[in-house]
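1. Pasting a predicted model and its sequence here:
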Amino acid sequence: MEKAPSKKNKEVTNPEISNGMEASVYNSQGKEVRSVKLPEDVFGVKWNGDLVHQVVTSMKGNERENVAHVKMRGEVAGGGKKPWQQKGTGRARHGSTRSPIWVGGGVTHGPNANKNYARKINRKMRTKALYAVLSKKFKDGEVLFIDALSVPNGKTKEARLMLGRFAAIKGYERLLTKPVNAAFIALGKKDKATELGLRNLSNISVDEVRNINPVSVLSSKYLLISDPETAFGELSDRMAKKQSR
């Protein structure tokens, strides 16, 4: 009798990946205009949750501003005089009124501003984590490629109308309705007018593709990439720089 295939080794594949890693490209009107071939070393990477978690937590720790601080008993002013004599009063022995068990005394095991949350992240780790996140986003159908995303006059009203056209694309319906962290828009190159038009939308983040990292991509539901060919070149350069070191 023939054995049934094991479910353990069965893998679910994305049809877009199995067909030579291609994706549709849309224009600013939300219409599909062409397809683009994706670099497999960027959008076809296997998911590595442990690596992504390590890189993301380290990056957040590096951005953390450590401001919470309490004073230990040695840092609180006063308390130099012994409250009362050691023996003969019938009361417990005390050496200072700045002891943690006294009102107005120091705090035991409280937060300290001297603590350092910074962690070193190797370039190789950061690059691999970014590729893993991009691949996962693409497999989940949350990456939209735009031929040319531009708001020439920097008007937020026009930027909203343009995003509304993208929201009509199947799978991206929540682009405007999601109240926070709806999308991260990665521009192929710096475009001040477009950034001005998008920055007033509270649920949208925008930056150049060369500045994207695992945290910025994971912080939003959708990722919109403008000028895909330029973006692919910028992303692939990270791998080239990594290998040359």
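-> Yes, it's here.

2. Specify the local secondary structure of the residue of the chain most remote from its centre.
-> Distance to the chain centre peaks in the chain at Gly88, reaching 64.0 Å (criterion: C-alpha atoms, centre = their mean). Following DSSP: H, G, I helix; E, B strand; the rest coil, the label given to Gly88 is coil.

3. Any figure for the gap between it and Leu224?
-> From Gly88 across to Leu224, the span is 79 Å (C-beta to C-beta, to the nearest Å). Every residue, glycine included, has its C-beta placed from N, CA and C.

4. low-confidence ranges in this structure?
-> 1-20, 241-245 (pLDDT under 70).

5. quick one: the helices in it?
-> 15-18, 40-43, 49-63, 123-139, 156-167, 192-198, 214-218, 228-244 (DSSP state H).

6. now those helices as JSON lines including mean neighbour count and distance to Lys115?
-> Output for these, formatted as JSON lines (neighbours: other C-beta atoms under 10 Å; distance: least, C-beta to C-beta, whole Å):
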{"stretch": "helix 15-18", "mean neighbour count": "12", "distance to Lys115": "44"}
{"stretch": "helix 40-43", "mean neighbour count": "16", "distance to Lys115": "37"}
{"stretch": "helix 49-63", "mean neighbour count": "15", "distance to Lys115": "11"}
{"stretch": "helix 123-139", "mean neighbour count": "20", "distance to Lys115": "23"}
{"stretch": "helix 156-167", "mean neighbour count": "17", "distance to Lys115": "41"}
{"stretch": "helix 192-198", "mean neighbour count": "17", "distance to Lys115": "36"}
{"stretch": "helix 214-218", "mean neighbour count": "19", "distance to Lys115": "21"}
{"stretch": "helix 228-244", "mean neighbour count": "15", "distance to Lys115": "31"}
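
7. Can you list the buried residues in stretch 71-83?
-> Arg73, Val76, Gly79 (16 or more other C-beta atoms under 10 Å).

8. Let me fix that, I meant to ask about stretch 165-179.
-> Phe166, Ala167, Tyr172, Leu175, Leu176, Lys178.

9. mind listing what the residue nearest to the spatial centre of the chain touches?
-> By C-alpha atoms, centre = their mean, the mean C-alpha position of the chain lies nearest to Val215, the distance being 1.5 Å. Applying C-beta atoms under 8 Å, 6 or more residues apart in numbering, we find Val215 in contact with Val56, Met59, Lys60.

10. of those residues, closest to Val143?
-> Among these, Val56 lies closest to Val143 (C-beta to C-beta), at 18.4 Å.

11. Near the residue nearest to Ile146 when sequence neighbours are not counted, how many residues? Count them for me, please.
-> Leaving aside its sequence neighbours, Ile146 sits nearest to Ser226 (C-beta to C-beta, 6 or more residues apart in numbering; 4.7 Å). Residues within reach of Ser226, counting by other C-beta atoms under 10 Å, total 24.

12. According to the record, where do the domains of this structure fall?
-> The chain breaks down by automatic domain parsing into domains covering 15-62+122-244, 65-116.

13. Done for today, thanks.
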